[in-house]
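Participant: quick check, what structure comes out for this input:
(one chain, ligands or ions: 1)
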Amino acid sequence: MAGKVMHAVQYNSYGRGAAGLKHVEVPVPTPKTDEVLLKLEAASINPIDWKIQNGMLRPLLPPKFPFIPTTDVGGEVVEVGSNVKSFKAGDKVVAMLGTRNGGGLAEYAVAKESMTVTRPTEVSAAEGAGLLVAGLTALQALVNPAGVKLDGTGPRKNILVTAASGGVGHYAVQLAKLGNTHVTATCGARNFDFVKSLGADEVLDYKTPEGAALKSPSGQKYDAVVHCTTGIPWSTFEPNLSASAKVIDLTPGAGAMWTFAVKKLTFSKKQLVPFLYTPNKENLELLVRLVKEGKLKTVIDSKHPLSKAEDAWSRSIDGHATGKIFVEP
Ligand SMILES: NC(=O)c1ccc[n+]([C@@H]2O[C@H](COP(=O)([O-])OP(=O)(O)OC[C@H]3O[C@@H](n4cnc5c(N)ncnc54)[C@H](OP(=O)(O)O)[C@@H]3O)[C@@H](O)[C@H]2O)c1
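Facilitator: Numbering: from 1, shown residues only. Here you go, the predicted structure:
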């Protein structure tokens, strides 16, 4: 592919949201020895993608401008580096591109072999791409620290999933149910039926006083909370928690970090756990297998062509996705 150019979407500075995205023609990247070159079929957008554009992780990310954002992709291998053993041209895969490299909003991208997994025919490119950051986060938060065994062999736990209609939340509800837990979920009223269809036992409307108080209608105390939204103080969680509960905070702000420190220093049994997912190939293979077997689904909020990537970007920034948002070249 040397010398060939491709359509890509990039930004040149911090800020400006969708207005900061530019459509460009750039060279198709060349895979290093341990990389595969993918012809992309779908890229999934996560809030971290536009938070990086906002400068949340400056000066670390992006490492330089211009930057082609997004990391979670599905596609077909078209070329492999000289040390790549597991893939060949024509293989259908999903891959997590490096956070420093990005590259998902393009026709082609390079991925490390170590974060590329085979995609069976039953799993579409979008269904696979959705699993990466969002699916890995849901899985890893539930298994450790929440202590849920996904094969259902662990003790029955009560789990609360906040923002259960979103990208992480909709996977968390389904995976928690595979683990034989009782799931209470928060979402907007419009998503009640949707979240129940994912398996939630009880659903709370976050816009009502009862929902905002996180009170389980049947009086359950939560053993773990997969906390996928923001703005809920510890004092709201506290009365709803069992004796050794963990609130796993995916977006910890200053208040959460303070609570985390205080709970640690006072040897509190109830803990707040600031959480960050880890790229993990085995976990990703498990998620793909669960989708193949029909035990887990990626719910598609919307698909947008690469030529209208701004629409996908704005939709994610608006924060009202039901499931996952995709861009398709
Ligand atoms: N730490 C990590 O490793 C990690 C990994 C992935 C994601 N995250 C973070 O986790 C958060 C969730 O990510 P995501 O991809 O799931 O986001 P998302 O898909 O954009 O979430 C959108 C959903 O959240 C719902 N929602 C918004 N506010 C709510 C509230 N107060 N109560 C209940 N539901 C609410 C919305 O419902 P309505 O439309 O009805 O408002 C919408 O369905 C983000 O902050 C993200 O950056 C962290």
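Participant: list the contacts of the spatially most central residue of the chain.
Facilitator: Closest to where the C-alpha atoms of the chain average out (Cα atoms, centre = their mean) is Ala134, at 1.5 Å. Going by Cβ atoms under 8 Å, 6 or more residues apart in numbering, Ala134 touches 44, 46, 72, 167-168, 171, 324. Any C-beta I mention is one placed from the backbone N, CA and C, and that applies to glycine too.
Participant: so of those residues, which ones are in strands?
Facilitator: 44, 72, 324 (DSSP state E).
Participant: follow-up on the earlier one: do you know the pLDDT at the nearest residue to the residue nearest to the centre of the chain once chain neighbours are set aside?
Facilitator: Using Cβ to Cβ, 6 or more residues apart in numbering and skipping residues adjacent in sequence, the residue nearest Ala134 is Gly167, 4.0 Å away. Per-residue confidence (pLDDT) for Gly167: 98.
Participant: Gly167 contacts Ala321, doesn't it?
Facilitator: Yes: proximity of Gly167 to Ala321 meets the contact threshold set by Cβ atoms under 8 Å, at 6.4 Å.
Participant: who has more neighbours, the two?
Facilitator: More crowded of Gly167 and Ala321, by other Cβ atoms under 10 Å: Gly167, with 29 against 20.
Participant: quick one: the more buried one from the ligand, how far?
Facilitator: 3 Å (Cβ to the nearest ligand atom, to the nearest Å).
Participant: now do the contacts for that residue.
Facilitator: Gly167 makes contact with 44, 46-47, 130, 134, 321, 323-325, according to Cβ under 8 Å, 6+ apart.
Participant: can you redo those as JSON lines with pLDDT?
Facilitator: Output for the contacts of Gly167, formatted as JSON lines (pLDDT from 0 to 100):
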{"residue": "Ser44", "pLDDT": "98"}
{"residue": "Asn46", "pLDDT": "98"}
{"residue": "Pro47", "pLDDT": "98"}
{"residue": "Gly130", "pLDDT": "98"}
{"residue": "Ala134", "pLDDT": "98"}
{"residue": "Ala321", "pLDDT": "98"}
{"residue": "Gly323", "pLDDT": "98"}
{"residue": "Lys324", "pLDDT": "98"}
{"residue": "Ile325", "pLDDT": "99"}
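Participant: can you lay out those as CSV showing distance to Thr121?
Facilitator: CSV is the format used below for the contacts of Gly167 (distance: Cβ to Cβ, whole Å):
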residue, distance to Thr121
Ser44, 19
Asn46, 26
Pro47, 30
Gly130, 17
Ala134, 22
Ala321, 27
Gly323, 22
Lys324, 20
Ile325, 24
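Participant: which of the residues you listed are close to the ligand?
Facilitator: Subset of the contacts of Gly167 in contact with the ligand: 46-47, 134, 321, counting by Cβ under 6 Å from any ligand atom.
Participant: from these, which land in helices?
Facilitator: In helices, defined here by DSSP state H, the members of the ones next to the ligand among the contacts of Gly167 are Pro47.
Participant: what's the ChimeraX line that selects buried ones from the contacts of Ala134?
Facilitator: This is the ChimeraX syntax for the buried subset of the contacts of Ala134, where burial follows 16 or more other Cβ atoms under 10 Å:
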select :44,46,72,167,168,171,324
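Participant: of the contacts of Ala134, which is the nearest to Arg315?
Facilitator: For the contacts of Ala134, the closest approach to Arg315 (Cβ to Cβ) belongs to Lys324, at 10.6 Å.
Participant: run through the strands of the stretch 51-200 of the chain in chain order.
Facilitator: 72-80, 92-96, 108-112, 116-118, 158-162, 182-187 (DSSP state E, counting those that start in this stretch).
Participant: quick check: which of those is nearest to the ligand?
Facilitator: For the strands of the stretch 51-200 of the chain, proximity to the ligand was assessed by Cβ to the nearest ligand atom; strand 182-187 is nearest, at 4.3 Å.
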